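Chemist: Predicted model and sequence follow; I will ask about them next.
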Amino acid sequence: MNRVYLDHAATTKPDQRVLEAMLAVYKEDWGNPSSIYLEGQQARRWIDQSRDRCAALLEVESDELLFTSGGTESDNAAIRGVAFAQRELGLGTHIVTSQIEHHAVLHAVEQLEKEGFEATYLPVDEQGIIQMDTLADSIREDTILLSLMLANNEVGSLQPVQNAAEVAREKNPHIVIHSDAVQGVGAVDIRPSVLNVDLLTLAGHKFYGPKGIGLLYIRQGTPWEPFVLGGGQEKERRGGTENVAGIVGFAVAFDLALREVEKKNTEIQKLRNRLLYEIPELVPDTVITGPVDPALRLPNNFSCCFRNVEGESVLLSLDMIEVAASSGSACTTGALEPSHVLTAMGVDNDLAHSSLRLTLGNETTNDEIEYILEKLPSIIERLRALAPDLS
Amino acid sequence: MIYLDHAATSPLRKEALECMRPFLESNFGNPSGHYEIGKIAQLAVDQARLTVATCLGARPQEILFTSGGTESINSALLGIGQAMHRAGSGNHIITTAIEHHAGLHASLWLEELGYTVTYLDCDSSGKVNMDALKKALRPDTILVSIMLANNEVGSIQPIAEISELLKTSSIKHGHRILLHTDAVQAPEWLSVNTKHLGVDALSLSAHKFGGPKGVGILFLKRGTPFRPLLVGGGQEMQKRAGTENVAGIVGTATALEIANRGASERSKRIGELRNRLREGIEQKINGSYTNSQAVDTLPNILNVSFEEIESDELVARLDEKGIATSTGSACSNALWEPSHVLLAMGVPIRRASSSIRFSLGDDTTLQDIEHVLKVLSEEIQLARLKRTDA
């Protein structure tokens, strides 16, 4: 068996067509897009075309899109940018988000709390989904921003962003709504008009594009201040020489992700469902985390906890049999604290330490899933036999 | 095509691209992943960090990878400024009027947040006056940010000397005054050894030294107070969140090593070509004024003004003849106004509006320069004739 890569929520392998587009830029069109001579203008055209392509796919205007260095920068820029601009307008200092956001959102909000803003972190139910009445109660007259992720990176739960936006706007017409859609591309409809959001975060490397490039959609007229300051690039909204090859790669990947979406999702979901339904049957004391209803869950996400097993040792055992998996968010791997997402869902600490996340991708095969289903039960059994009885 | 705009960007070095490719292709893992391809990526980032640290005379833990020069400079100014302020050391910052916009705009932002910023002028050679710096220092000064080499005229600032001055002042004022330098233009031509320069922070941009666009370096000396700009995951020792641009980082390290290794030989070789360009212009073209000094200047930059010429017209004319040059900083080209650097040097507006910048690169040849001299004098003659006719 070749290496089995089941950590697509952490990152994905750039598509060959993405690479080819990028290599052409790296080799030929390396000019600075701000330069007025030919080489610069070629680079400028690449950026313009890529932006137009992304805008068309999102059904937004090109000048509503900003290329950034990745999902983290987009999230940080969205949250800080809106918070400061809204406060400047005298609209308030209260921010609402959820307890299960990615750290790029959570830490940005926590940082703002130290700078005089107030925050409410919405709880989630045991499936990892916010409750609409809790949300409605949290929105105040001085609430300036709601940031809600579209799909959770650890347990795959889909948030009712569209409903939430409606409820929030009804309670406070000045509220600005941001959604971190890093995990949703290719799986969920992410068009801002459908989601009814003012800002949207995307990261290229999560959908077979390159690392180091992200997108931030900012609806025209949204109060927002720039985050990275310098030259007049990105219409004065983001200083810094543009990562031309990255931008081109992003657009190609985005195009592929949205155009080839339906077929792949059905196939991926079918494979994922085998894990979702068969692992609990094969491994005693498996607790599925996140929604069991496929309609409420990313089609490629499987996550669970195995009672009385150390999650880390499961990952090591899987790595030894050539399987790449994760205990949750890649960014917190190595941290000793249990996942904040699982904790928010009410999973106790012991159980949270035994979490496993398998995230499928375009190249995942039925053979690979068979392999997991064949190997995983004995791994868990062996680890349980080795572990002291914690119960 | 003759490319004489290396200060705007330089071609990606083949060696850098070769090193990048595996990390765009098979070794695509997330460095935070606890499995083989994650570890391969982490190892590559670690190795790149070590290479960069060696080039900068620093420890690996002192090197952060960012998304570019602008982010590095923003992070240094905002990050150190805010951390020092929070520690109660003061809120006064000193910088120069000739910094890149990434520095100037970050300073303006700090002013909006309530900080006091002093913008030092420079003399006609584009150098900061040490006495003016001494006078600007106050008991509440926390940070000095001065670029190592200017991107428009190439003037080199005496950073090591400034570092010594700040050390003395720090003792006098009873707290540290930290020093950041924007060294974006330097690595291909000068030593960027942070120990020799005596800096607490230093910013670099990969695409200025043959690396890819979208990657920068921030050196932060151990113990430097710092508040991260990008927050999220625990990457880059909790100082810069976001999944690492592994391929970009690997390409950056390769390019920096090459740039650094050949710097003195390259400086000598290209400096001679630049001098030939200067002499040629002085000999062949009437009404030319050199805005770059002969000494203490990057060996690859020549900024010249031509009487009765509009900068952008000349750049366009040269472009048509296959020669890429610039009116100054690439980043301000969209909104064209006379260079803030030339104005700060006391160059009259008219002369500033007729300036162009030649920035040579590793691959520039004597034939290129001779050809440019020929085309340049023809085009200037034509432009002046057209002007007289009109």
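Modeler: Sure, I can see it. Residues are numbered from 1 along each chain as shown, chains lettered A, B, ... in the order given.
Chemist: so where do the strands sit in the stretch 151-300 of chain B?
Modeler: For the stretch 151-300 of chain B, the strands defined by DSSP state E, counting those that start in this stretch cover B:178-182, B:201-205, B:216-220, B:288-290.
Chemist: Nearest to residue B:384 among those would be which one?
Modeler: Minimum separation from residue B:384 across the strands of the stretch 151-300 of chain B (CB to CB) falls at strand B:288-290, 11.8 Å. Any C-beta I mention is one placed from the backbone N, CA and C, and that applies to glycine too.
Chemist: one step back: export the strands of the stretch 151-300 of chain B to CSV and tack on mean pLDDT and mean neighbour count?
Modeler: Below are the strands of the stretch 151-300 of chain B laid out as CSV (pLDDT from 0 to 100; neighbours: other CB atoms under 10 Å in any protein chain shown):
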stretch, mean pLDDT, mean neighbour count
strand B:178-182, 98, 29
strand B:201-205, 98, 30
strand B:216-220, 98, 29
strand B:288-290, 96, 17
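Chemist: Distance to residue A:18 added to the ones you listed, as TSV?
Modeler: Formatted as TSV, the strands of the stretch 151-300 of chain B follow (distance: least, CB to CB, whole Å):
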stretch	distance to residue A:18
strand B:178-182	33
strand B:201-205	24
strand B:216-220	23
strand B:288-290	46
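Chemist: Tell me which of these sits nearest to chain A.
Modeler: strand B:201-205 (7.3 Å; CB to the nearest CB).
Chemist: what lines up beside that closest one in the sheet?
Modeler: Each strand paired with strand B:201-205, and its direction, by DSSP bridges: strand B:178-182 (parallel), strand B:216-220 (antiparallel).
Chemist: Going along the chain, name the helices of the stretch 1-150 of chain A.
Modeler: A:16-27, A:38-58, A:71-88, A:103-113, A:132-138 (DSSP state H, counting those that start in this stretch).
Chemist: winner for burial among the ones you listed?
Modeler: helix A:71-88 (a mean of 26; mean count of other CB atoms under 10 Å in any protein chain shown).
Chemist: lowest average confidence, helix or strand, in chain A?
Modeler: Using mean pLDDT, DSSP states H and E, helix A:233-236 stands out as the lowest-scoring helix or strand of chain A, at a mean of 88.
Chemist: do the helix or strand immediately after it in the chain and chain B meet at all?
Modeler: Next along the chain after helix A:233-236, taking DSSP states H and E as the criterion, comes helix A:244-259. Yes - with CB under 8 Å from any CB of the partner chain as the criterion, chain B is reached by helix A:244-259 at A:244-246.
Chemist: Spell out which residues make up each domain of chain A.
Modeler: If you go by automatic domain parsing, the domain ranges for chain A are A:4-12+A:260-386, A:16-257.
Chemist: low pLDDT regions in the chain?
Modeler: The chain I'm using is chain A. When residues are selected by pLDDT under 70, those of chain A lie in A:1, A:329-336, A:388-391.
Chemist: Chain B, not that one
Modeler: Ranges of chain B meeting pLDDT under 70: B:329-336.
Chemist: longest helix of it?
Modeler: helix B:366-389 (DSSP state H).
Chemist: which other helices and strands contact it?
Modeler: Counting by 3 or more CB pairs under 8 Å, 6 or more residues apart in numbering or on different chains; DSSP states H and E, the packing neighbours recorded for helix B:366-389 are strand B:2-3, helix B:263-284, helix B:311-320, strand B:323-324.
Chemist: Just confirm yes or no for the third one near chain A.
Modeler: So the one you mean is helix B:311-320. Yes - contact of helix B:311-320 with chain A (CB under 8 Å from any CB) involves B:312, B:315-316, B:318-319.
Chemist: What of the last one?
Modeler: Yes - judged by CB under 8 Å from any CB, strand B:323-324 comes into contact with chain A through residue B:324.
Chemist: Now the element after that strand, going C-ward?
Modeler: Following strand B:323-324 in sequence, per DSSP H and E, is helix B:340-344.
Chemist: from the middle of its chain, how far away would that next one be?
Modeler: Here the centre of helix B:340-344 is set off from its chain's centre by 16 Å, with CA atoms, centre = their mean, to the nearest Å.
Chemist: Report the backbone C-alpha coordinates of that helix in CSV.
Modeler: Presented in CSV, the C-alpha positions along helix B:340-344 are these (Å, rounded to 0.1, in the frame of the first residue of the first chain):
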residue,chain,number,x,y,z
HIS,B,340,9.1,61.3,-1.0
VAL,B,341,12.8,60.2,-0.8
LEU,B,342,14.1,62.8,-3.3
LEU,B,343,12.0,65.5,-1.7
ALA,B,344,13.4,64.6,1.7
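Chemist: Mind listing what's buried along that helix?
Modeler: B:340-344 (16 or more other CB atoms under 10 Å in any protein chain shown).
Chemist: Put together a markdown table for those residues, with distance to residue B:368 on each row.
Modeler: Formatted as a markdown table, these follow (distance: CB to CB, whole Å):
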| residue | distance to residue B:368 |
| --- | --- |
| B:340 | 29 |
| B:341 | 25 |
| B:342 | 25 |
| B:343 | 30 |
| B:344 | 31 |
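Chemist: Looking at those, which is nearest chain A?
Modeler: residue B:340 (12.4 Å).
Chemist: I figured that closest one hits residue B:99, correct?
Modeler: No - if you go by CB atoms under 8 Å, residue B:340 and residue B:99 don't touch, sitting 9.0 Å apart.
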